[in-house]
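Visitor: Build the 3D model from these lines:
(one chain, ligands or ions: 1)
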Amino acid sequence: MDYDAVIAGGSVAGLLCAREIASKNHRVLVIEEDAELGTPEHCGGVVSIPAIDDLGIIPMRATLDNKIRSAKIVSPSGKDFTIDARQQQVIVLDRREFDKQIAHQAQVKGAEIRVRTSLREITKEGVRTSDGEIKCKFVVDARGVTSLVQKDRTGILQSAQYEVFADWIDKERIEVYLDQEKYPGFFAWVIPTRRDEAKIGVAGRGINPAQAIEEFLKKKGKHSIIRKIFAPIWIKGPIKEFVTGNVITIGDAAGQAKPTTAGGIYSSGIGGMFAGNAISKFLESGNRSELAEYQKKWNKKFGREFENMLLARSLLERMDNKTIDSIFDSITPKILDEISKEGNFDFHTTSVAKLLGVRGSVKAVQAILGNELRRLLS
Ligand SMILES: Cc1cc2nc3c(=O)[nH]c(=O)nc-3n(C[C@H](O)[C@H](O)[C@H](O)COP(=O)(O)OP(=O)(O)OC[C@H]3O[C@@H](n4cnc5c(N)ncnc54)[C@H](O)[C@@H]3O)c2cc1C
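Guide: The predicted structure is shown next:
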């Protein structure tokens, strides 16, 4: 046997899984089809400090792009409210550097990493790659949304994210634009990375993301685009089985990104860590119940929150622009203050429920959404 585990996909989930396996002195190889880890970057990089702390990573000067102080949410007709995000310790990471930092941790523990090597097929004895056959006991699928596209297209939205220079970017404020006609079931976003620079994106069901982002930028004002990416996002929550025989699925490939925002650095990264620990324990004990612990632990940490996010998503998908505007009308400074003080960036459905449940809007929203809203509020 060449390796105890071969991990396909050298991004946050795959590299954290490798770090955990290698730290217990097992033989692990990460194969990444791109020529460089972290590149091309297809991520906004927004994450909380407590989350990356949980992943066992201290942000370095090179990985930390920016600190966020507030988030402005804008309704279809241009009404807005702002949440103070300082308590939630939100930062913007440079994923090109961040992924390399995790790779370095994994390497130090003894993992091997090969770039420009892609998984072609899972075989009886291991994997067939672009670099030949490799024998292993476990195959870990960490190929991101690519893996889900092959299994189920129904939970996928197309996104576009451009890196932009413009003097109208507020360095410390994230902006989110809701509009069910322009971005059905999702939104447009502005994530500042440094002074006069931001990652600006759109996603939505059935839209042409290139056209939608061009229109968004035109409305915002003068700008220069310095980079464009187009990537699918998954919004349908976790897949049923994380473990099938000796194939373990982790990260975005397992649907571990948030159904509300598609953010997955934290929840997908934790998926990689839990899987790595479970594989190591199995290799030491030979007891298959150790493998099942991976899914159990992930569900215990995120299961309930993801169910609520799916519920919040199904509510959003059925709201029209008029309903969203009516919710904005009834948001009070008290509610914003509560969210600013008590909100949790990584487990945010309590904040969403507070916004949806506000006084004036309740009647309008309940008429449409009834029982499900009551479930989310409870
Ligand atoms: C536009 C956009 C913005 C986002 N913004 C945020 C954000 O602000 N905050 C946040 O938390 N999350 C964000 N996300 C989500 C976040 O990027 C993912 O949740 C996270 O990167 C998941 O990590 P992963 O390791 O599971 O998969 P990925 O990061 O998708 O990595 C999969 C890796 O597998 C490789 N691969 C694919 N096929 C093969 C193969 N056959 N063989 C070998 N390697 C292969 C790929 O090249 C890639 O490196 C965003 C996503 C998108 C698309």
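
Visitor: Confirm that residue 143 sits in a strand.
Guide: No: under DSSP: H, G, I helix; E, B strand; the rest coil, residue 143 falls outside any strand and is assigned coil.

Visitor: what's the closest non-adjacent residue to whatever residue of the stretch 101-250 of the chain ends up closest to the ligand?
Guide: In the stretch 101-250 of the chain, the residue found nearest to the ligand is residue 144; the distance is 2.3 Å by Cβ to the nearest ligand atom. C-beta here means a position set from N, CA and C on the backbone, and glycine is covered the same way. Nearest in space to residue 144, with sequence neighbours left out and distances taken as Cβ to Cβ, 6 or more residues apart in numbering, is residue 252 at 4.3 Å.

Visitor: where are the low-confidence patches of the stretch 251-378 of the chain?
Guide: Low-confidence segments of the stretch 251-378 of the chain (pLDDT under 70): 357-378.

Visitor: Quick one: the strands in the stretch 201-350 of the chain, in order.
Guide: Using DSSP state E, counting those that start in this stretch, the strands found in the stretch 201-350 of the chain span residues 224-234, 243-244, 247-249.

Visitor: can you pull out the helices in the stretch 101-250 of the chain?
Guide: 145-151, 209-220 (DSSP state H, counting those that start in this stretch).

Visitor: number of nearby residues for residue 73?
Guide: 19 (other Cβ atoms under 10 Å).

Visitor: same question, residue 303
Guide: 14.

Visitor: For it, which non-adjacent residue is spatially closest?
Guide: Closest to residue 303 by Cβ to Cβ, 6+ apart is residue 238, at 7.9 Å.

Visitor: Quick check, the one you found in contact with residue 257.
Guide: No: the criterion here is Cβ atoms under 8 Å, and residue 238 misses it with residue 257 at 9.4 Å.

Visitor: more crowded one of the two?
Guide: residue 257 (27 against 23).

Visitor: From residue 179, how far off is the residue lying closest to that one once chain neighbours are set aside?
Guide: Nearest non-adjacent residue to residue 257, counting by Cβ to Cβ, 6+ apart: residue 264, 3.0 Å away. Look at residue 264 and residue 179: by Cβ to Cβ, to the nearest Å, they are 24 Å apart.

Visitor: Of these two, which one has the most company?
Guide: Taking residue 264 and residue 179 together and counting by other Cβ under 10 Å, residue 264 has the greater number of neighbours (25 against 20).

Visitor: need the contact list for that one.
Guide: Applying Cβ atoms under 8 Å, 6 or more residues apart in numbering to residue 264 gives the contacts 12, 251-252, 256-258.

Visitor: if we can go back for a sec, where among the helices of the stretch 101-250 of the chain is the average confidence lowest?
Guide: Set side by side, those differ in mean pLDDT, and helix 145-151 is lowest with a mean of 90.

Visitor: So what's the residue count around residue 288?
Guide: 9.

Visitor: what residues are up against the residue lying closest to it once chain neighbours are set aside?
Guide: Distances taken as Cβ to Cβ, 6+ apart put residue 282 closest to residue 288, at 6.8 Å, once the chain neighbours are dropped. Applying Cβ under 8 Å, 6+ apart, we find residue 282 in contact with 288, 290-291.

Visitor: Report the residue spans of the stretch 101-250 of the chain with pLDDT below the cut-off.
Guide: Within the stretch 101-250 of the chain, no stretch has pLDDT under 70.

Visitor: Show me what from it comes close to the ligand.
Guide: 118-119, 142-146, 159, 161, 201, 231, 233 (Cβ under 6 Å from any ligand atom).

Visitor: before we move on, the earlier item: adding mean neighbour count and distance to residue 42 as columns, could you present the helices of the stretch 101-250 of the chain in TSV?
Guide: Shown next, in TSV, are these (neighbours: other Cβ atoms under 10 Å; distance: least, Cβ to Cβ, whole Å):
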stretch	mean neighbour count	distance to residue 42
helix 145-151	17	9
helix 209-220	16	13
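
Visitor: how about JSON lines for those helices, with distance to residue 272 added?
Guide: Formatted as JSON lines, those follow (distance: least, Cβ to Cβ, whole Å):
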{"stretch": "helix 145-151", "distance to residue 272": "14"}
{"stretch": "helix 209-220", "distance to residue 272": "28"}
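
Visitor: so which of the ones you listed comes closest to residue 131?
Guide: Across those, residue 131 has its closest neighbour in helix 145-151 (18.4 Å, Cβ to Cβ).

Visitor: what's the burial count for the residue nearest to residue 199 when sequence neighbours are not counted?
Guide: Take residue 199 and drop its neighbours on the chain: the residue closest to it by Cβ to Cβ, 6+ apart is residue 191, 4.5 Å away. Residues lying near residue 191 (other Cβ under 10 Å) number 23.

Visitor: any idea how far the nearest residue to residue 67 once chain neighbours are set aside is from residue 262?
Guide: Nearest residue to residue 67, sequence neighbours excluded (Cβ to Cβ, 6+ apart): residue 91, at 5.5 Å. Look at residue 91 and residue 262: by Cβ to Cβ, they are 18 Å apart.
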